[in-house]
Each structure stands twice: as C-alpha cells, then as structure tokens.
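Engineer: no FASTA, just this:
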C-alpha cells in the first residue's frame, strides 16, 4: 500500500463514490491505475466489499480508542467543541451525550505512538478539561448500516408506529 | 418507505453489494423494482451516496444510545457475551475494552419505546450484570471510513513506520 | 389536624375530586364536617389553593429524600420492581432511568425515624441490591403542573412542531 | 389543543384555581369558551381529574429528564442558583441536596430537540459547572399529593409523635 | 436546660476538669449553683457518667453529619484549611486523609436548619472546592476512649511489639 | 506502661468513672497503686485532663483509619451488622449513613500490621461485601464534647427554637 | 535474541546472580556461550548495566498495563489471591492496598494480543470479581533501587529518626 | 547502616555497577571500606543478591504508596509534569496512563511523617490538580526483571510473532 492507494481510498470516502472518473478528477491519478489499484486492495481484503467498506486492521489502523471528554461549560459550546474534536486525526465518531461526561469519541490509531499523539491532540483543544480514554481490546461488531441490525419484521412494526412507512 | 424498500436496503448491507441482480437473487424482488426504489431512496436522502451509506435519522432510527456493559466475570467469557450483545436488535457496534466496564455498545432506536425495548433486551442476557446507558443528544461526526480521518501525509508517515507501506 | 382531616385529604387525593358528596361516600364523614374541616385546613395553609395542592411541611412531612436504586438485573424486571417501590409509604415518584442506577425515587418523611423506616422498607424489597439516598436540604421549586413551567410562546412553537396542536 | 387551551391551563396552574371568572380575568378569554375548552380537555384526558392534574404525555411534554447539577462553590450561593435553575423552561422541581452533586432538577420536554434546548439552558447559567442528566425511560409513579402515599394509620402514628395532630 | 447549664458544660469541656472552683473562676457562676445544675444534668442523662461524657441527642444536637471535603490544591495548604474547618460550629472531628477527598469532617447539628447552616459555613471557606455530606441515620457506636476498644491481651501484645510498654 | 496501667485505663473507660474504689472493685488492683499509676500516666500526658480523655498517639494507637463499608442488603440488617462492626478491635465509631456506602467506621491501630489485622477482621464479617479504607495522615481536631464546638449564643438560639431550653 | 539468550536472562533473574558458572549449572549452557551472549545483549542495550537491569522495550515486552482488581471478600483471602495474581505471566508487581479496589497489579506484555491474553488470565482466577485495567502510554521513570530516589541528606535524617542508622 | 553505607548503595544504583573502583571514584570512599561495607549489607539482607537488588523494608523505606495524579490539561504537558513527579523524593515509578487519572506514581517512605512529606511534595507541583493516594498494606510480588515473569515457552512464542527473535 502506498500513497497512490491511500489517495484513491480517501477520494472514494470523501466523494462518496467509487466512480473512477470522479476519483481521477479529484486525484489526478489515471483511471487505469485506479482500476488496477482497487483490484489489488480488494484482493488483499483492505476493501471488504462492493460498498467500499474498509478493514481498519489491514489498513494499519487497528487500534480503536474510545475517549470520553469533559469540556468547558459554556453556553452553546457543544457544537463548537464537537467540531474541534471532529478534526482530530483518527477521530471517526463524535457523540454529544447526556451523562457524566460530555462527548463520546471513537478514534483509530496505528500503534502506541499513535495513542500518545491522539491524547496530545485532545490536550491541545483549549475547551477540553479532562479526557478518559479506553483501549479497545477487540471489536466484536462494527456494522456501518444500521438497517442491517434489525429483522425486517421489527423494522416494519417499529417504523409504522412512527408513521414513517407511508410512501 | 415500505417493506420492499427495507428488504432492498438490508440485502445491500448484508451482501455488501448493490448489484441489482444479486439483490434480486437474495430478495426475490424484480430488478426493475430495485432500480426504481433505490432511485427514490436516493432522492429522499435515505441513501446518502454511491457507497450506500444511509441516513439513520431519515430511516426513522434517529436515536443513538451508547451502552456500557458490566458482565459476569468468567474465563473466556468476553467473546461469547460480545456475540450475544451483537445480536440485540439495533446494536451496530460492540467493543470489548479495558476500563471500569467491559463493553461499549452503540445502538440505534426509533423512539422512547425503542429505548425501553433495548434496555429490556440487555436485561435478558444472563451474563449481563449492569448496564449504564447514555442518550446521545446529537451526533456531530460519524465517518464510516477511517482512512478519511487522516491527512494523506499523516497516513503515509504513520503507516511507513509500521512497515505496512511496502507493496 | 386529626384522623378526620387526614381521611378527607386522602379521599380527595385518591378520588381526584374535592366534591363533598363523593368524599362523604368514600369516607362516611358527613358533608357538613367536610366543609368545615376543609375551611380550617385552608386557613392553616395545609391546603394551598383551589386545586387542593398541599403543603408538605405544614402537613408534617417536610423531609424530602431522593433515593437512587440499583436492582436485580433480570428480564422484564423493571416494571415489577417499580411497582414494589411505588408501594413503599411516603414514595411519591418512581422514575426508571438510563444511567448508573436503575430508579430515581422521591419520598417524603416526617423526621429522622421516618428516614430510618424508609431505608428499612427499601431493604425489604428482595430485588433491591443497593440504594443511595440523598437528604434534601431545601426544595426550591415544586410545580405540579408542567404546563406552568413554559412560556405560552414556547409551548405553542414546541408543540406545533410535534403536530400536537391541531384540534 | 391550541393557544387558547394552553392559556387556560396555565392560568389555572398559576392562579391555583379553576374558577372560570378568575381565569377570564387573567386571560381575557370568555367564560363560555373556558367551560367548553375545559370539557374538551377533560374528554381527551389531558385534564385527569377535578383537581386539574394534567397528563404530561398527552400534553406533548412526555419526556422526563432528571438533571444533577454541580455549581460554583460560594457563600450563600445555593438559593440564588436554585432560583436561576427554577426559571429554565420545563423545570418543575429543584431540590438542593446533600451528596456528590448540589441540585437534583426534574424537567419535562417534548422531544430530542427539547433535550438539547434544556441542556443549552443549563449551560447558559454561569454558576453551573457540570450537569449530569438522565433520560427517564418510564415514570412508574407520580403522585402530586404526598398524603396519598401513606396509610391513614401510619399518618396518624407518625404525625402524633411529632405533636402535629392537636387541632 | 438554659444558658447557665450550657456555660457550665462548655467550661468543663474546655477546661478539661469538672472542679467547681475552676468552673466558677471561668464562668462566674457560684459553686453551689454549679453543684445543683450538674446534679440535674446527670439526672436527665445529659451528663452520662463521672467522666462528663455527654449525650448529644439529649443535648439537642442529635443529627450527625459526615462531610468529605475537597480543597484547593496548594503547598502546605492542608494544615491551614484544616484549622478553618475546625472552627466551623458543630465540627467535632477533622481528619486529613489519603484518598479521593482531602478531609473527613464530623459535625453535629440540631435540625434541618442546622444542616443548611453547616453547609453554608463550608461554602464560606474560600479554599473549599467541593463537599459531599452524608446524613447519619443512626450512630451505633461512639466510644471516646480508644483503649476501651481492645481486649487487654491485644493491647499488651500490640504495644509490646512497638516497644511502648517499658515503664 | 504495662498491663496494670492498661487495666486501670480500661476500667475507667468502661465504668465511666475514675473513682479508685470502683476501679479496685473492677480490677482487683489496690487503690494505692491506682493512685500512683494515674499520677504517672498524667505526667506522661497519656491522660490529658481531669475528664480522663486519652492521647491516642502516646498510648501507642496513633494510626487512625476511616473505613466505609458496603454490606449485604437485607431487611433490618443494619443494626445487626453495625453491632458486629462495633466489636472489631480498635473500632471506636460506627455510623450508619445515607449515601453510596452503608457504614462509616473509625478505628485506631498501632502500626501497619495493625492495619492488616483490621482489614482482615472486616473481611471476616460475613455480611460485609466491600470496604474502602482511608489512612488518616493527620487528625487536626478531635473534640469529644460537642457542646464545646458551639458558641454559647449559637447554642442558646439553636436549642430554644427546638424548645429544648425550658427547665 | 533466541531461546538461549532468554534462558540465560531468566537464570540470572531467578538466581539473583550473573555468575557464569551458576548460570551454566542452572541452564546447561556452556560458560563460553554465556559470556558471548551476555556481551551481545549488552551491546544491543537489552542488558542496561552491570546490575543486569533489563530494557523491557528492547526485550519485546514494551507495553505496561496497570490492573486494579476487586476480589471476593473472604477472611484471609488476600494473601491467597495475591499469590494467584503473582503467577499470571507478565505480572511483575502485586500490591494489596487500602482503597476502592483490593490489588494494584503491574504487568508487561508484547502487544494487543498479549493484553487480551492477560485479561483472560485475570478472568480465569475464580476469586477475581472485577478488573479495571489501564494502558500505560509511556513510563517516565522506573528506578528499581529506591535508595536512589532520595538525596543522601534526606536518607540520613529520615532513617535516623527511625533508629535504623546505628550499626 | 550509616552515611557511608547509603553513599555506597546510591553510587551503585546510579552508576549501574558495583565495581569498587568506580564506586570509590564516585564517592571517595576507599575500596577496602566498600568491600567491607557491602559484605555487612549482604549479611544483613539489605542487599538481596549479586544483582544488588535491595530490601526496602530493611532499608527503612518499607511503606509503599501508590498515587494517582490528575494534572493541568495542557498541550504537551505530560512529559514535563512527569519529570517533575519523578524528582519527588521516594518516587520510583511514574507511568502516564489512559484512564480517569493521568499518572500512576509509586513511592516509598519510612513512616507516617514520610507520607505527609510526600503528599506535601505533590501539592507543591503547580500543575497537579488532585491526587488520590493508596496505602499499600502489603506487597506480594515485586520482580524487577520482567523476563522472569514468563515461562520460556511463552517468551519464545510471544516474541517470535513479533519478529524480535532473529539475531
């Protein structure tokens, strides 16, 4: 895996499409290279399926850290701080929650140095008062499409009570 | 949105492909219907992009709950319990972590009744001793592809130290 | 305040009406006595207004205790245990909540012996594992009708988004 | 339910009476309208009884939030801060307690946006350092008149020891 | 019990003697009155024994509060703050401890208003950041002379290992 | 300090009197020895005053431990368990409290071995589930007579509101 | 580094000597090999000094985990459980402490799989009820000889008060 | 044990060698004295083995304290603060960890006064916000060489997966 591979994968993720022409437009990498590289990445299992879900472990970002953040308590602060947390490298989820701490953040890093870098990045956000981070020993499930976590019957009965099913 | 839509979305998620022929094979729904329905779902914004990422809110599953689970302390228990937690409807992520509690679980439900059903489902897992659940007020970031959370420079320097970049 | 007063007040609270004829039917106390007693209770301030809101302090139940309860973790347990907690004398509110503990209970007792009796009653509920109780130094607000905690503008805009305002 | 209904309900709650003449005086709504509207609200179950207890769920304020507040630690602060918390829309109870946190507050909101608004309002109180809020899954008991939570025997024996029973 | 009684009891406690002549010297109350009053206080059980241990309940100071205090973290602060805490009315013990909080304080107050006064007094100490107070439901043991909590055998073997027994 | 000294001190504490004749009756030690020994103990400062308050440090019991105890949650358990805790050697105070843990216990031991013995004794009480113990670095105040912690003015105004001052 | 190196290092650590003859006796490895290997290990920095302190990172055991353990609460249990914890591979320190949890354990593992193995080993100790483990981001100091953490002046004054300095 | 002994032990620890000539160079103490003193220290068991591991208890530093530190939350702060903590007398380990608190520190002191001095030293570090310290009742294991905590088989299989075994 080299810079070209990474650029292609990022372009797909940020564009929300795997169309080679659009990826070429974004990255300047020739379509033929894109085709070739994607095939290789699929073979290696880094790209897991046709929906371009990725394997973090094979990507070299196999350590998952869950960080709970306590932040400065000011009016309207949570959106602004949430944005700052979102910009930290490796952070894929930022939830503003009710409870003891303000934010639950999920991040992915390659190794112990990555953990240290991540913690330092949280430290550098002024409004962050305290963090509590947890090292994930193993991730047992990570299903990106929630619709796949319900049976069809549950989905129908659930959503119909909410009047969301009429076309 | 009706049963047909939901069946199509589930098939795509579980197959890992949006190929209409494969979705037809899985669901028995004619390809032409599949094409038509997917167009509609895209128009409504339920399908967010060409990678078939979905909008939970529009899907009617807009409430995110983060549950921390303390489970029975027995040898080799965590994989088995992790699997049980994974099968609860609405659960999209199950992390086994170091720290005060054993698992961090993320789930999505449609409404307050869904919250109550979810908590009851956790209660019904024998090995679960205690849960602490947090209501997510708002999700500020949810990026399914971690590669998109790093700059290209960071990715390259990070991964090269781990000797993962050689092709 | 004597047994007759207390019977009248309880009948009003449980019947949901202050109609002397219904209170007489329930208690056997003659209507004329009821009229007379209610006048006296109003004069003393025990009955605070025409809606028959009562003054706990003057009633001799001036100590408010907030109890958080951790209960046995079993399928479908929370309704059953919630009922048991509801039957403890002095308990006016039982909330089943998300969070570290299962129930938040609010109770009112006359004095320190009442606190001890209350704690003993919680102990005697089999499914209760732990309680954490807080002594309320002072209650700054206790408004029984929530509609009174919003401005009219907020209520209208709030409820209209929820499509609850159409007649 | 419309603005007129809400004005009537608020007037009753704040005046502490359901006398149509007094409600007319307060609101300017004609008595006949008041009679008619109250009948309708009773039919719908929004007004639950002759004591004008209301059904929060039917009123569209069905989500109960319990907020524990840690506030600035200054001399004589708790009354002042308690007042500020009392003025936040949706807050029906404010208790100043002994224990880990300073205040226990109970509030009612219509939906998830209401939760976010509520948390923001707490953030905007300068003296508030931290809040921990709990989402109430279900309220099993909510008895506004404490006298109704004791047996008549308990009340008599309890109150007589406190010398509160002499007329 | 009146002012004279209280002055006598305080003089005894602060002088460390019950000698009537010394108490007279301290208070100006005639010895004969002192004799008479002490007899009465002994009869009522307020003075429990010849060592002038007192019964807090009968003295009207029957509520025991245990307060854990977190204080400003500065060099050499704990002695200074400990002194300030010691001067708060009703405080009988101040321990500086290892652990989550800095001080454990035990205080005695007459009633709920006394609790509120006590908490206010802690609030007024600048260096105090947080307090957590516990209401004592009942005190099962309170032995002022530690020597009485050991068997004579334990005392001898214990103290001899510490070389404290040689005369 | 030898066995005779300790026997005398214990007899005084348990009898509640320093009368040599009663101490002789209890211990069999001749009155003349008792006089002599008490003089010596006073000279050494082990007996601090005429009220026979003792100096724990000089007595060789200078380490104070504060133990918070969580016990089995059963009906009427707290008195029974409180008694068991009271019988552990070195325990001078047992408070049953509202809050996170059930009992606050204060104990005194001579050294690190004493700490280990104390913890073992708590372990051996069946109903004890968990203890959390704190090592007291220094005790800043320990006033056995609460009356001495109030000004005379406070005592009078405090107690008069509670109608305890009439003779 | 191979099996021979590891055998030599273990023999030195368990024998408490680096005498080649004793190491040969223990391991059967010829003295000349021992000399040669130790030279190499010193060159690589795995052996840090003449006292045979080792570099965990270079040894491939660079991840330090601090585990706090709550164990079954039974009489005399702590020595027995402490021994069991001591036998878990990678555990270098076991402290039985006062406080919220019973044991503080320090362990060293090579990688994430090692963390999972370690946690599983704790799970398999029957008496262990709960663990809370912390991932060490970096170890800033690790001085095996405590004497080196004091100035000579402090040591002398400290130890002389404890009467430990007389030869 | 006197100043000379302590100087020799410190020199060995800081130089990382027990070579008498180097120790003489560092301390100015004649080699013959060094030989003699080390023999005596070995006889007394203060020096435990040929690797010059020391017995803290016999050295008069038998009380182990584990301190968890919360520090000011600023960018890049942890290395700087970690260094400051490392310089406190008696501190032998400083770990910067993920979790509720920032640092886990292990220190050794001679007695209760040493505990108080240690806590004061932590207080005097500006960036330290809070400490929580635990008194170690007994240390069950303290193995300075981690290689000795694994079986040879585990070491080999562990390290070989990490490709650390090739020479």
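Structural biologist: Now that the structure is in, tell me what you want to look at. All of these numbers come straight from a predicted model, not from anything done at the bench.

Engineer: in chain A, which spans are strands?
Structural biologist: With strands called from DSSP state E, chain A shows them at A:63-71, A:91-97, A:103-109, A:128-142.

Engineer: near chain C, anything from the third one?
Structural biologist: No: between strand A:103-109 and chain C, judged by C-beta under 8 Å from any C-beta of the partner chain, nothing touches; the nearest distance is 13.9 Å. All C-beta spots, glycine's among them, are computed from the backbone N, C-alpha and C.

Engineer: and the angle from that strand to strand A:91-97?
Structural biologist: Computed by axes from the mean of the first three to the mean of the last three C-alpha atoms, to 10 degrees, the angle separating strand A:103-109 from strand A:91-97 equals 170 degrees.

Engineer: other SSEs contacting strand A:103-109?
Structural biologist: The contact analysis (3 or more C-beta pairs under 8 Å, 6 or more residues apart in numbering or on different chains; DSSP states H and E) places strand A:103-109 against strand A:63-71, helix A:77-86, strand A:91-97, helix A:112-123.

Engineer: and if we set it to 6 Å?
Structural biologist: For strand A:103-109, the packing partners by 3 or more C-beta pairs under 6 Å, 6 or more residues apart in numbering or on different chains; DSSP states H and E come out as strand A:63-71, strand A:91-97, helix A:112-123.

Engineer: now swap in the last one and tell me
Structural biologist: Under the contact criterion of 3+ C-beta pairs under 6 Å, 6+ apart, the helices and strands touching strand A:128-142 comprise strand A:63-71, helix B:77-86, strand B:91-97.

Engineer: any low-confidence regions in chain A?
Structural biologist: A:73, A:75-76, A:159-167 (pLDDT under 70).

Engineer: now do the same contact list for whichever residue of it sits closest to chain F.
Structural biologist: As assessed by C-beta to the nearest C-beta, chain F sits closest to residue A:100 within chain A, at 14.7 Å. Going by C-beta atoms under 6 Å, 6 or more residues apart in numbering or on different chains, residue A:100 touches residue D:132.

Engineer: cool, and residue A:98?
Structural biologist: Residues counted as contacts of residue A:98 (C-beta under 6 Å, 6+ apart) are B:135, D:133.

Engineer: how close does it get to chain H?
Structural biologist: Distance of residue A:98 to chain H, given as C-beta to the nearest C-beta, to the nearest Å: 20 Å.

Engineer: again with residue A:101
Structural biologist: Here the criterion is C-beta to the nearest C-beta. By it, residue A:101 lies 10 Å from chain H.

Engineer: give me the nearest residue to that residue, chain neighbours excluded.
Structural biologist: Residue nearest to residue A:101 in three dimensions, not counting chain neighbours: residue A:68, with 4.1 Å by C-beta to C-beta, 6 or more residues apart in numbering or on different chains.

Engineer: so that neighbour bridges to which residues?
Structural biologist: Per DSSP bridges, the residues bridged to residue A:68 are residue A:104, residue A:132.

Engineer: so it touches residue A:99, yeah?
Structural biologist: No: Residue A:68 lies out of contact with residue A:99 (C-beta atoms under 6 Å); the separation is 8.7 Å.

Engineer: can I get the helices and strands packed on strand A:128-142 in CSV with distance to residue C:16?
Structural biologist: As requested, these are exported to CSV (distance: least, C-beta to C-beta, whole Å):
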stretch, distance to residue C:16
strand A:63-71, 45
helix B:77-86, 44
strand B:91-97, 43
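
Engineer: dump the residue contacts of residue A:41.
Structural biologist: residue A:47.

Engineer: how about 10 Å then?
Structural biologist: Contact analysis of residue A:41 by C-beta atoms under 10 Å, 6 or more residues apart in numbering or on different chains lists A:1, A:5, A:8, A:9, A:47, A:48, A:52, A:54, A:55, A:58, A:59.

Engineer: please report how far the first one lies from residue A:45.
Structural biologist: What that stands for is residue A:1. 12 Å (C-beta to C-beta, to the nearest Å).
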